[in-house]
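*Asks:* Take a look and give me a structure for this.
(chains A and B)
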Number of protein chains: 2
Amino acid sequence: MTSIPRLLILALLLLAALPAGAQDKPIAIAIHGGAGTILPGQMTEETEVAYREKMTEALRAGYAILNEGGSSVDAVVAAVQVLEESPLFNAGRGAVLTSEGTAELDASIMEGEQRMAGAVAGVKQVKSPIELARRVMEASPHVMLAGEGAEFFALDQSLEMVDNDYFITDRRMEQLRRMQRAEEDDKHGTVGAVALDGSGNLAAATSTGGMSNKKFGRVGDSPIIGAGTYADNETAAVSATGHGEYFIRGVVAYDIAAMMRYADLTLSEAANAVIHERLTDMGGTGGVIAMDAGGNISMPFNTAGMYRGYIDTSGELHVAIYGD
Amino acid sequence: MTSIPRLLILALLLLAALPAGAQDKPIAIAIHGGAGTILPGQMTEETEVAYREKMTEALRAGYAILNEGGSSVDAVVAAVQVLEESPLFNAGRGAVLTSEGTAELDASIMEGEQRMAGAVAGVKQVKSPIELARRVMEASPHVMLAGEGAEFFALDQSLEMVDNDYFITDRRMEQLRRMQRAEEDDKHGTVGAVALDGSGNLAAATSTGGMSNKKFGRVGDSPIIGAGTYADNETAAVSATGHGEYFIRGVVAYDIAAMMRYADLTLSEAANAVIHERLTDMGGTGGVIAMDAGGNISMPFNTAGMYRGYIDTSGELHVAIYGD
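*Replies:* Numbers count the residues shown, from 1 in each chain, chains lettered A, B, ... in the order given. Predicted coordinates:
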């Protein structure tokens, strides 16, 4: 045996051992944990550190998947699940409560290659609403399931079910009481993630408890494809957070993609125009995280703050809470 | 008393007697009653006449309101209610049935001046889902209510409630049985209306029973603002019908408005591009009715037929069922 085939075999073995994601293709992930009246000095330093650590954990969970060659769908689900499981954020455990004192959860997901999508609204017993949205996308002929029908499908899919109490924290119960006494009106919050994988595919995911003190049955923008979530490899992946009614009326997530597609704007130009002009002109408040197929990231918001972070294509991690 | 004041008074009286809409401002209305595999010869002549008469009745009901100076919101609700009350169409009475044999109704409405919107999903006992959607728009802080929460709001609004049996016709029960035996797959259908009033305001409304044999809890595009319904005076009012999952993923109704706004297409160019290119390329089937602020009308569909009709700005009435 000459040395040439041996070198060739060695090279092939090395190539095969490389994870698919560890190639030159850019990968990136961004998350948000809600926008609102978030000002420096409002929370203790310990709480702020807890938020930053949890966002970092979510980013690293998603990024690890991308880095191992996993899909952007897997990455956004993993990142969102870290935030769903944390009582700090208004999604999954720690969701805000309806006027009846129950948790009603909404979530949606979309992938940018085929533009497949899944969404659930008003679920009360599914531990991970974003996982259920993903199952709707992948294992049902439908895009959106609501209420009991969604729970029924979750059982059919053998997803982990929990008692509604699982989602309810003392902090949210106290927040509901303050709101019902009209002592508090900062009632929004949502979590979300967007990611680009090594195959060049974008994905976006959003999960929420909705508005505190909402009427039961109220559906916000988070489970609405086009409003709270959108992804298309040709334009952008977007996850939104804010006063959902305005995001529905403004078709905010898709509007960013439409501006890129039809008016030839860059990701940053489109995302800023939609939040700081179109949404603001309507009187709506909130923000988005958006990513294009080059892994560029834009995270505009018109509120005082937005829990947010990213690991960009150079691998740099950044988390932030307040406005610039 | 000289003759001049008498003439002046006479002129003022005549002016006051004129309905506000009977001025030079254009008014127009268009409706649809669902798209699908609708081919000549499939239905009896009597049935075809019944469809044409009911569409004519719906158009005249909406147009009469516009002609008397009423709003486009009133007009689209009136037109849609005629179709909801008819067992011929898949909305209200005569809606298709879920796999459980129940009727679950969805509807949405949007007005083009302020871009206010209302939507309901999965209601089972509200006689007029489109009226409930309108109440959500006008009398709640929310855009979308689903399931029991929507019914609760309907009671609060003193809307007429009916037993679920009201919606169920022998024809739809037999259709469900045929579908469950896989003998029929033409399972779509929706009704909708778009209108322009004498004040220059557009509105769009959509109402449906969804897909026959659907999983209970499935939400289609009809109650999704941006997908099944959209209105903005600066671009267009749109109501869609077809395979809802594709209309959600394609954000079809808003996409027409976005193409007009950002790519400077005319109503007809945008509506045709969205249906015959964007939707068709995704594999989606269905159609839209669309109207701009000049009262221009476009009604493209990529199915064999679409129940449709309009009364245009010249007052001419036209109804059609099959492809050209």
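
*Asks:* CA only for contacts and neighbour counts going forward, please
*Replies:* OK.

*Asks:* for the closest residue to residue A:208 other than its chain neighbours, phi and psi?
*Replies:* Of all residues not flanking residue A:208 in the chain, residue A:91 sits nearest, at 4.1 Å (CA to CA, 6 or more residues apart in numbering or on different chains). With angles defined as degrees, to the nearest 10, residue A:91 sits at phi -170, psi 140.

*Asks:* Looks like residue A:91 contacts residue A:191 (just checking).
*Replies:* Yes. With contact defined as CA atoms under 8 Å, residue A:91 reaches residue A:191; the gap is 6.4 Å.

*Asks:* what comes up buried for the longest strand seen in chain A?
*Replies:* Secondary structure of chain A read by DSSP state E shows that its longest strand is strand A:28-36. Neighbour counts over strand A:28-36 (16 or more other CA atoms under 10 Å in any protein chain shown) mark A:28-36 as buried.

*Asks:* so which of the residues you listed are also by chain B?
*Replies:* Filtering those for proximity to chain B by CA under 8 Å from any CA of the partner chain leaves nothing.

*Asks:* what's the farthest-apart pair in those?
*Replies:* The largest distance within the buried residues of strand A:28-36, taken as CA to CA, falls between A:28 and A:36 and amounts to 25.1 Å.

*Asks:* wait, is residue A:118 part of a strand?
*Replies:* Yes. Under DSSP: H, G, I helix; E, B strand; the rest coil, residue A:118 sits within a strand.

*Asks:* That one and residue A:135 touch, don't they?
*Replies:* Yes. Between residue A:118 and residue A:135 a contact is recorded at 7.3 Å, counting by CA under 8 Å.

*Asks:* So those two - more neighbours on which side?
*Replies:* residue A:118 (31 against 21; other CA atoms under 10 Å in any protein chain shown).

*Asks:* so who does the more buried one touch?
*Replies:* Going by CA atoms under 8 Å, 6 or more residues apart in numbering or on different chains, residue A:118 touches A:108-110, A:133-138, A:142-144.

*Asks:* Considering those, which is situated nearest to residue A:155?
*Replies:* The closest of the contacts of residue A:118, once distances to residue A:155 are taken by CA to CA, is residue A:135, at 11.3 Å.

*Asks:* does that closest one sit in a helix, a strand or a coil?
*Replies:* Taking three-state DSSP, the label given to residue A:135 is helix.

*Asks:* got a pLDDT number for it?
*Replies:* pLDDT for residue A:135: 98.

*Asks:* Give me the contact list for stretch A:297-308.
*Replies:* Under CA under 8 Å, 6+ apart, the answer for stretch A:297-308 is A:30-39, A:55, A:267-268, A:271-272, A:275-276, A:280, A:285-291, A:312, A:319-323.

*Asks:* mind redoing it with 6 Å?
*Replies:* Residues outside stretch A:297-308 that contact it (CA atoms under 6 Å, 6 or more residues apart in numbering or on different chains) are A:31-38, A:268, A:272, A:285-291, A:319-323.

*Asks:* Got a ChimeraX select line for the buried ones in those?
*Replies:* To isolate the buried members of those in ChimeraX, using 16+ other CA under 10 Å:
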select /A:31,32,33,34,35,36,37,38,268,272,285,286,287,288,289,290,291,319,320,321,322
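
*Asks:* Near chain B, which residues of chain A are found?
*Replies:* A:143-146, A:149, A:216-219, A:245, A:262-263 (CA under 6 Å from any CA of the partner chain).

*Asks:* can those go into a markdown table with extra columns for pLDDT and secondary structure?
*Replies:* A markdown table is the format used below for those (pLDDT from 0 to 100; DSSP: H, G, I helix; E, B strand; the rest coil):
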| residue | pLDDT | secondary structure |
| --- | --- | --- |
| A:143 | 97 | coil |
| A:144 | 96 | strand |
| A:145 | 95 | strand |
| A:146 | 93 | strand |
| A:149 | 90 | helix |
| A:216 | 79 | coil |
| A:217 | 88 | coil |
| A:218 | 91 | strand |
| A:219 | 94 | strand |
| A:245 | 96 | helix |
| A:262 | 98 | helix |
| A:263 | 98 | helix |
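
*Asks:* Flag the shaky bits of the stretch 101-250 of chain A, pLDDT-wise.
*Replies:* A:182-188 (pLDDT under 70).

*Asks:* any idea where the strands of the stretch 51-200 of chain A begin and end?
*Replies:* Ranges of strands in the stretch 51-200 of chain A, per DSSP state E, counting those that start in this stretch, are A:105-111, A:117-123, A:144-146, A:191-196.

*Asks:* Can you show me the CA trace of the first one as PDB?
*Replies:* Below are the C-alpha coordinates for strand A:105-111, written out as PDB (Å, rounded to 0.1, in the frame of the first residue of the first chain):
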ATOM      1  CA  LEU A 105     -50.200  29.400  27.300                       C
ATOM      2  CA  ASP A 106     -49.500  30.200  23.600                       C
ATOM      3  CA  ALA A 107     -46.600  29.300  21.400                       C
ATOM      4  CA  SER A 108     -45.600  29.100  17.700                       C
ATOM      5  CA  ILE A 109     -42.600  28.000  15.600                       C
ATOM      6  CA  MET A 110     -41.700  28.400  11.900                       C
ATOM      7  CA  GLU A 111     -38.800  27.100   9.900                       C
END
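
*Asks:* Specify the angle between that strand and strand A:191-196 in degrees.
*Replies:* Strand A:105-111 runs at 10 degrees relative to strand A:191-196, counting by axes from the mean of the first three to the mean of the last three CA atoms, to 10 degrees.

*Asks:* what do you get for the second one?
*Replies:* Taking the same axes, to 10 degrees, one finds strand A:117-123 and strand A:191-196 inclined to each other by 170 degrees.

*Asks:* So what are the sheet partners of strand A:117-123 and their directions?
*Replies:* Strand pairing for strand A:117-123, determined by DSSP bridges: strand A:105-111 (antiparallel), strand A:144-146 (parallel).

*Asks:* residues in contact with the longest one?
*Replies:* Strand A:105-111 is contacted from outside by A:116-123, A:129-130, A:133, A:203-209, A:222-223, A:230-231, using CA under 6 Å, 6+ apart.

*Asks:* List the buried residues in the longest helix along chain A.
*Replies:* Secondary structure of chain A per DSSP state H: the longest helix is helix A:45-67. Across helix A:45-67, burial judged by 16+ other CA under 10 Å covers A:51-52, A:54-56, A:58-63, A:65-67.

*Asks:* Can you give me the neighbour number for the residue nearest to residue A:208?
*Replies:* 35.

*Asks:* dump the residue contacts of residue A:317.
*Replies:* Residue A:317 touches A:310-311, counting by CA under 6 Å, 6+ apart.

*Asks:* Next, it: phi, psi?
*Replies:* phi -100, psi 140.

*Asks:* can you tell me how far it sits from chain B?
*Replies:* Look at residue A:317 and chain B: by CA to the nearest CA, to the nearest Å, they are 32 Å apart.

*Asks:* likewise residue A:132?
*Replies:* 14 Å.

*Asks:* Which residue, other than its chain neighbours, is closest to that residue?
*Replies:* That would be residue A:154: by CA to CA, 6+ apart, it lies 6.3 Å from residue A:132.

*Asks:* and residue A:90, how many neighbours does it have?
*Replies:* 29.

*Asks:* In contact with it, which residues?
*Replies:* Per CA under 6 Å, 6+ apart, neighbours of residue A:90: A:96, A:189-190, A:208-209.

*Asks:* 8 Å instead?
*Replies:* A:33-34, A:84, A:96, A:188-191, A:208-210.

*Asks:* cool, residue A:232 as well?
*Replies:* A:111-115, A:202-203, A:257.

*Asks:* Could you rerun that using 6 Å?
*Replies:* Here residue A:232 is in contact with A:112, A:115 (CA under 6 Å, 6+ apart).

*Asks:* Same check on residue A:248?
*Replies:* By CA under 6 Å, 6+ apart, the contact list for residue A:248 reads A:221, A:227.
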